[in-house]
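Enquirer: what follows is a predicted protein model with its sequence.
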Amino acid sequence: MDILIIEDNEEISTLLHDFLSAEGYSVCLANNGEIGVEYFEKENPKLVVLDIMLPGIDGFGVCKKIRETSNAPIIITSAKIEKEDKLNGLILGADDYMEKPYDIDILLAKIDGIFKRRYDEDKIICGDIQLDKVKRKGFKGKMELTLNVKEFELLQFFMENPGKTLSKELLFQKVWGFDSFSEPQTLTVHVKWLRQKIEDNPKVPKHIVTVWGIGYRFE
């Protein structure tokens with residue numbers, strides 16, 4: 001999971017979700033502090049966009065809770081513009097504080113900047129397959145692959161665990177998550193699609209190898 005948005009305004013959260021998803025980020029939404037903390041612990045996102053005025057635990061409480069276990073970047077967005085509120089958020093460990101209403105292009109630029117500074121080294125190469133985790137692009141040789149979000153995340157997990165036999169249950173959990181409404185058969189379909197894109201001969205795969213009765217191994 002790339003980005004967790006904790007925002008109780010449905011219009012804002014939906015807009016952010018659609019905008020960031022269109023930029024290639026995987027996004028999860030939470031509409032209150034308690035759910036936000038729960039999703040953070042479960043999904044382990046790389047970055048959090050956090051509203052302050054939330055029902056239940058407010059954004060300051062969520063920020064403090066996250067900082068007890070993680071240094072994941074946090075961007076606070078809030079209509080609270082007093083100096084004390086900004087200082088409080090930064091003291092609690094937020095990486096940035098944006099006043100509402102904000103320009104979504106500026107928010108995206110901040111997010112892109114954080115990902116580049118922190119995750120730019122995350123380029124994975126396995127044989128003729130390469131993934132750029134920041135730009136979320138995949139290549140076979142010099143040819144760019146057309147990958148949807150889940151194909152990219154599945155290929156990324158394969159390439160981060162080369163040579164390991166990965167169970168179908170583990171792959172489904174890591175890519176689709178515990179709370180997914182997708183059927184486990186979805187994994188089989190995505191593996192088929194990936195093979196069509198990265199294998200020289202999808203019927204005789206050399207990269208994504210089936211381990212019968214267990215799952216798959218990436219070579």
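Expert: Right, received. Where do you want to start?

Enquirer: what's the lowest-mean-pLDDT helix or strand in the chain packed up against?
Expert: Least confident element among the helices and strands of the chain, by mean pLDDT, DSSP states H and E: strand 123-126 (a mean of 81). Contacts defined by 3 or more C-beta pairs under 8 Å, 6 or more residues apart in numbering; DSSP states H and E place strand 123-126 against strand 129-132, helix 149-160. Heads up, the C-betas are built off the backbone N, CA and C, glycines and all.

Enquirer: mean pLDDT lowest where, among these?
Expert: Lowest mean pLDDT of those: strand 129-132, a mean of 88.

Enquirer: parallel or antiparallel, list what pairs with the following helix or strand past it.
Expert: Per DSSP states H and E, the first helix or strand lying C-terminal to strand 129-132 is strand 137-140. Strand 137-140 pairs in its sheet with strand 129-132 (antiparallel), strand 143-145 (antiparallel), by DSSP bridges.

Enquirer: tabulate those (a markdown table), appending mean neighbour count.
Expert: Below are these laid out as a markdown table (neighbours: other C-beta atoms under 10 Å):
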| stretch | mean neighbour count |
| --- | --- |
| strand 129-132 | 19 |
| strand 143-145 | 13 |
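
Enquirer: any chance of TSV for those strands, columns distance to Thr210?
Expert: As requested, those are exported to TSV (distance: least, C-beta to C-beta, whole Å):
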stretch	distance to Thr210
strand 129-132	18
strand 143-145	21
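
Enquirer: which one of those strands lies closest to Leu171?
Expert: strand 129-132 (16.2 Å; C-beta to C-beta).

Enquirer: quick one on the thing from earlier: relative to Leu107, which of the helices and strands packed on strand 123-126 is closest?
Expert: helix 149-160 (19.7 Å).

Enquirer: what helices or strands is that closest one leaning on?
Expert: Against helix 149-160 (3+ C-beta pairs under 8 Å, 6+ apart) you get strand 123-126, strand 129-132, helix 168-176, helix 185-198, strand 215-218.

Enquirer: any idea which of the ones you listed is most buried?
Expert: strand 215-218 (a mean of 20; mean count of other C-beta atoms under 10 Å).

Enquirer: now tell me what touches that strand from outside.
Expert: The contact list for strand 215-218, computed with C-beta atoms under 8 Å, 6 or more residues apart in numbering, reads 126, 158-159, 161-171, 191, 207-211.

Enquirer: with stretch 67-79 instead?
Expert: 7, 40-41, 44-53, 59, 63, 66, 85, 89, 92-100, 102, 107, 110-111, 114, 118.

Enquirer: out of those residues, which sit inside strands?
Expert: Leu47, Val48, Val49, Leu50, Asp51, Asp96, Tyr97, Met98, Glu99 (DSSP state E).

Enquirer: quick check: the gap between the first one and Asp18.
Expert: When C-beta to C-beta, to the nearest Å is applied, the distance between Leu47 and Asp18 equals 17 Å.

Enquirer: again, but for Leu187
Expert: From Leu187 to Asp18 the distance is 25 Å (C-beta to C-beta).

Enquirer: can you mark which positions in stretch 81-92 are buried?
Expert: Asp85, Lys86, Asn88, Gly89, Leu92 (16 or more other C-beta atoms under 10 Å).
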